[in-house]
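Enquirer: When you get a sec, could you give me coordinates for this:
(one chain, ligands or ions: 1)
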Amino acid sequence: MTQSLVRLLPPLFCLVLAMLTYWQLPHLDAEQISLLTQLPFIVCGLAAFMAILANRSRDLGGAGTMLLGYWLITVFMQEPLSTEPAGQIFALTSLCLPVLLGLFIILPDTGWRHPGFLVLIAFISIFVLIVISLFQWQPLWFDTLMPSAGDPDLLNLKISSLSGLLFFLAFTLGVALPILHKEQLDTSMPSCVLFSFITLGWFGIPQISSIMFSAAGLLLIINQTHSLLNMVYRDELTQIPNRRALLRDVRSMGSTYALAMVDVDHFKKINDNYGHDVGDQVLKAVATKLRRVSGGGKAYRFGGEEFCVLFRGRHTDQVLDFLEDLRRNIADYDMTARDKQSRPRSKKSGEKKRGASRRDCNIRVTVSMGVADSQDALHFEGVMKASDSAMYRAKEGGRNQIKTC
Ligand SMILES: Nc1nc2c(ncn2[C@@H]2O[C@H](COP(=O)(O)OP(=O)(O)OP(=O)(O)O)[C@@H](O)[C@H]2O)c(=O)[nH]1
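Expert: Predicted structure coming up:
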């Protein structure tokens, strides 16, 4: 829940920045305004470049669509929309932007080197070329797209109701699909939809396109940087911070702390008896328990089946109760490990199959812990060694127990 709320901060930040820039417009000189009009090309271009380096097809699609949209705005829509071809291209853009963004939302994030993504880009390029050629040969065909001078709607939107509906659908898909797939919400694409909707919907507002498309590009950069940092500092399997994050946190930790090394007992046997997949599920379950440690402790995956818990501002005797709770909690927990390979897709066939031969297995796991604190050694490496050797004494002492330095 908190993770999802944190994810809403970057789009909110970009939106507030966009509003502040709008309020500052009267104070900007000609040079600054000229820079502002180039800004979307710079930030969306940078976002596209980052997506290429990180092999992220969805972000590349989003940044590319925003670049294309802004290029169309700067080249063709600087005249009043009641004139040709500005009005026609505006209407075409307001239909194509939500469709393109929606397409990149629906399609899986395969990486841009995936043949499917390259074929899609080829199709989009052919489609754009066909529209441009038709536009040159038969401009009259596009007259029906010209904005009508009918009654203004409630919000005084410049776009047609069809375009409004497409933007709404693309936005809803961008928010709903990650929830349905039980994935983390990526705010980049829904925000690109929202920011381009605001731009085209209220197109008459001065510099709206430069401000909103810059905000969209900035958000793409922030979100990509955030997920790259996540990759660097988060363990892929268990989704808790990794050893690198521990070494980063230690630098800003202060002089009083306690460190517990936690090692899963007889983990090799679990792997050997139930398979590597089940072993992975056990590691995830242990990590989930460790993450919920009380007393202000923070859990990290140190490597393999070894974890550690760091308590800032505490000594060994102040954390033993929390660690004891943790040890008991893990030992009492009946983990149901699912055999993924034999797991049927539908619930019905699953029940049938489980009736015949149950492949899910209940596993009891225990952990051994060793604790040391900042008084036990001069440097963090020394404290780590001390807690590690305490942990080995816990193993020698029969496992499923805690030893102090
Ligand atoms: N499934 C899985 N296994 C891992 C992973 N990382 C390390 N391992 C396995 O963890 C096992 C660790 O075994 P050992 O170091 O002998 O320790 P142990 O069997 O837990 O024995 P004790 O620590 O003495 O209780 C090895 O078999 C590794 O292959 C991982 O990410 N997933």
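
Enquirer: From now on I want contacts and neighbour counts done on CA atoms only, so please keep to that.
Expert: Fine.

Enquirer: Tell me where the chain has strands.
Expert: For the chain, the strands defined by DSSP state E occupy 257-264, 297-303, 306-312, 334-337, 361-364, 367-373, 402-404.

Enquirer: weakest of the ones you listed in terms of mean pLDDT?
Expert: Ranked on mean pLDDT, the bottom entry among the strands of the chain is strand 334-337, at a mean of 77.

Enquirer: By residue count, what's the longest helix in the chain?
Expert: Looking across the chain with DSSP state H, the single longest helix is helix 208-233.

Enquirer: winner for burial among the strands of the chain?
Expert: Stretch with highest mean neighbour count among the strands of the chain: strand 367-373 (a mean of 28; mean count of other Cα atoms under 10 Å).

Enquirer: Relative to it, what are the paired strands and their orientations?
Expert: strand 257-264 (antiparallel), strand 402-404 (parallel) (DSSP bridges).

Enquirer: Same list, the ones you listed, but as TSV with distance to residue 226 please.
Expert: Listed next are those as TSV, based on distance: least, Cα to Cα, whole Å:
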stretch	distance to residue 226
strand 257-264	28
strand 402-404	36
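
Enquirer: what residues are up against residue 200?
Expert: 94, 158-159, 209 (Cα atoms under 8 Å, 6 or more residues apart in numbering).

Enquirer: got the domain boundaries for this structure?
Expert: 2-233, 243-404 (automatic domain parsing).

Enquirer: The strands of the chain: which one's closest to the ligand?
Expert: strand 257-264 (5.4 Å; Cα to the nearest ligand atom).

Enquirer: What lies in contact with that closest one?
Expert: Outside strand 257-264, the residues that reach it (Cα under 8 Å, 6+ apart) are 305-316, 319, 365-374, 383-384, 387-388, 391.

Enquirer: and the residue nearest to residue 177 when sequence neighbours are not counted, how far is that from residue 128?
Expert: Once flanking residues are discounted, residue 177 sits nearest to residue 106: 7.8 Å by Cα to Cα, 6 or more residues apart in numbering. Using Cα to Cα, to the nearest Å, one gets 20 Å for the distance from residue 106 to residue 128.

Enquirer: Can you lay out the contacts of residue 200 as TSV showing pLDDT and distance to residue 68?
Expert: Formatted as TSV, these follow (pLDDT from 0 to 100; distance: Cα to Cα, whole Å):
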residue	pLDDT	distance to residue 68
94	91	12
158	81	20
159	87	18
209	97	12
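
Enquirer: from those, which ones fall inside helices?
Expert: 94, 209.

Enquirer: what about stretch 270-283 and the ligand, touching?
Expert: Yes - Stretch 270-283 comes into contact with the ligand (Cα under 6 Å from any ligand atom), by way of 271, 276-277, 279-280.

Enquirer: List the residues that contact residue 59.
Expert: Counting by Cα under 8 Å, 6+ apart, residue 59 has contacts 47-48, 51, 188-189, 220.

Enquirer: what's the neighbour count on the residue lying closest to residue 94 once chain neighbours are set aside?
Expert: Distance criterion Cα to Cα, 6+ apart; nearest residue to residue 94, sequence neighbours excluded, is residue 163 at 5.9 Å. For residue 163, the count of nearby residues is 23 (other Cα atoms under 10 Å).

Enquirer: Number of residues surrounding the residue nearest to residue 177?
Expert: 13.

Enquirer: now it: how far from the ligand?
Expert: 31 Å (Cα to the nearest ligand atom, to the nearest Å).

Enquirer: For that residue, report the pLDDT, please.
Expert: Predicted confidence (pLDDT) for residue 106: 94.

Enquirer: dump the residue contacts of the spatially closest residue to residue 267 that is not a sequence neighbour.
Expert: Among residues not flanking residue 267 along the chain, residue 305 sits closest, at 7.1 Å (Cα to Cα, 6+ apart). Going by Cα under 8 Å, 6+ apart, residue 305 touches 263-264, 267, 283.

Enquirer: Could you do residue 388 as well?
Expert: 261, 370-371.

Enquirer: which among the residues you listed gets closest to residue 240?
Expert: residue 261 (15.1 Å; Cα to Cα).

Enquirer: bridging residues for that closest one?
Expert: Per DSSP bridges, the residues bridged to residue 261 are residue 308, residue 370.

Enquirer: So which of the strands of the chain is nearest residue 5?
Expert: Of all the strands of the chain, strand 297-303 comes closest under Cα to Cα, at 20.2 Å.

Enquirer: Can you name the residues that contact residue 244?
Expert: 232-233.

Enquirer: ok, residue 114 - how many residues close by?
Expert: Other residues within reach of residue 114, judged by other Cα under 10 Å, total 12.

Enquirer: Next up, the contacts around residue 185.
Expert: Counting by Cα under 8 Å, 6+ apart, residue 185 has contacts 4, 7, 175, 178-179.

Enquirer: Poorly predicted segments of this protein, please.
Expert: Counting by pLDDT under 70, the chain contains low-confidence residues at 1-3, 143-155, 337-360.

Enquirer: Enumerate the residues of it near the ligand.
Expert: Counting by Cα under 6 Å from any ligand atom, the chain sits next to the ligand at 264-269, 271, 276-277, 279-280, 304-305.

Enquirer: Now rank those by neighbours and give me the top one.
Expert: Most surrounded of these: other Cα under 10 Å gives residue 264, at 22 neighbours.

Enquirer: any idea how far the residue lying closest to residue 250 once chain neighbours are set aside is from residue 255?
Expert: Nearest non-adjacent residue to residue 250, counting by Cα to Cα, 6+ apart: residue 380, 7.7 Å away. Computed as Cα to Cα, the residue 380 to residue 255 distance reads 10 Å.

Enquirer: so what's in contact with the two at the same time?
Expert: residue 374.

Enquirer: These two: which has the busier surroundings?
Expert: Neighbours of residue 380 and residue 255, each counted by other Cα under 10 Å, are more numerous for residue 380; the result is 18 against 15.

Enquirer: Looks like the more buried one contacts residue 374 (just checking).
Expert: Yes - if you go by Cα atoms under 8 Å, residue 380 and residue 374 touch, sitting 7.4 Å apart.

Enquirer: sorry, back to before: could you work out the most separated pair of the residues of the chain next to the ligand?
Expert: Longest span within those, Cα to Cα: 265 and 277, 17.3 Å.

Enquirer: from the contacts of residue 200, which two are the most distant?
Expert: Across these (Cα to Cα), the longest gap, 14.3 Å, separates 159 and 209.
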